[in-house]
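# Next come a sequence and a model predicted from it.
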Amino acid sequence: EAGVTQFPSHSVIEKGQTVTLRCDPISGHDNLYWYRRVMGKEIKFLLHFVKESKQDESGMPNNRFLAERTGGTYSTLKVQPAELEDSGVYFCASSQLSRLSYEQYFGPGTRLTVT
Amino acid sequence: GENVEQHPSTLSVQEGDSAVIKCTYSDSASNYFPWYKQELGKGPQLIIDIRSNVGEKKDQRIAVTLNKTAKHFSLHITETQPEDSAVYFCAASKVLGNYQLIWGAGTKLIIKP
């Protein structure tokens, strides 16, 4: 079974540019989460999809961030325009919609560097 | 807001010795507590988890204890090996995991040969 995949693995952009991160969850996982770790700090929740619906987007820092999950499969996270403080590692995770299994499976992350 | 505090930030132990990492959570409604291990260049990987109706759980060399009254939970690794070197994160969640994880800041565990 393929794990959670993320693309790209690393992105370097200039302040003001746009970047789109992609996440492909494990097949059959209805829950999809985005998290971010800024250098030296704890991992922070951004948002949670259940299928194609946004269940919780309370962690999105501002309206420069837009997440979508059309069709309830893969998800994209767009940052437009990027600012220096957006630099960090963006993780995607997925899990089953089940009371029996709670594990969130994480992708390898996308390291975003804004210069 | 909800937060999880994790200590220590760095832990260096001799191979074969035990390692203990401690976390404290603030939201008494939290009922699911996973521990993740992150190796260089990889995403966090679940190594053990515990639900609030259990006080202790063990899996080979790894164990987790939970004190709901004090809102503390700890990771214990016995007979440490070089491959245990990594960053370990504790987290807390409500609704049995189908909910956002609130993370500790991480502990860098170094196993000295």
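Great, that's in hand.
# Run through the strands of the chain in chain order.
Assuming you mean chain A. Counting by DSSP state E, chain A has strands at residues A:5-7, A:10-13, A:19-24, A:31-37, A:43-50, A:53-56, A:65-68, A:75-79, A:88-95, A:105-106, A:110-114.
# look at chain B instead
Going by DSSP E, chain B shows strands at B:4-7, B:10-14, B:19-25, B:32-38, B:45-51, B:56-59, B:62-67, B:72-77, B:86-92, B:102-103, B:107-112.
# Nearest to A:V50, out of those strands?
strand B:32-38 (17.1 Å; CB to CB). For the C-beta atoms, the positions are set from N, CA and C on the backbone; glycine is no exception.
# right, quick check: the closest one against chain A, any contact?
Yes - Strand B:32-38 is in contact with chain A by CB under 8 Å from any CB of the partner chain, via B:32, B:34, B:36.
# got a winner among those for most neighbours?
B:Y36 (25 neighbours; other CB atoms under 10 Å in any protein chain shown).
# For that residue, list each beta-bridge partner.
With DSSP bridges applied, B:Y36 shows beta-bridge pairing to B:L46, B:F89.
# Out of the strands of chain B, which gets nearest to A:L97?
Nearest to A:L97, of all the strands of chain B, is strand B:32-38, at 15.1 Å by CB to CB.
# So what touches the closest one?
A:102-104, A:106, B:23, B:25, B:44-52, B:62, B:64, B:66, B:73, B:75, B:86-97, B:101, B:106 (CB atoms under 8 Å, 6 or more residues apart in numbering or on different chains).
# Weed out the non-buried ones from those.
A:102, A:104, A:106, B:23, B:25, B:44, B:47-50, B:52, B:62, B:64, B:66, B:73, B:75, B:86-94, B:97, B:101, B:106 (16 or more other CB atoms under 10 Å in any protein chain shown).
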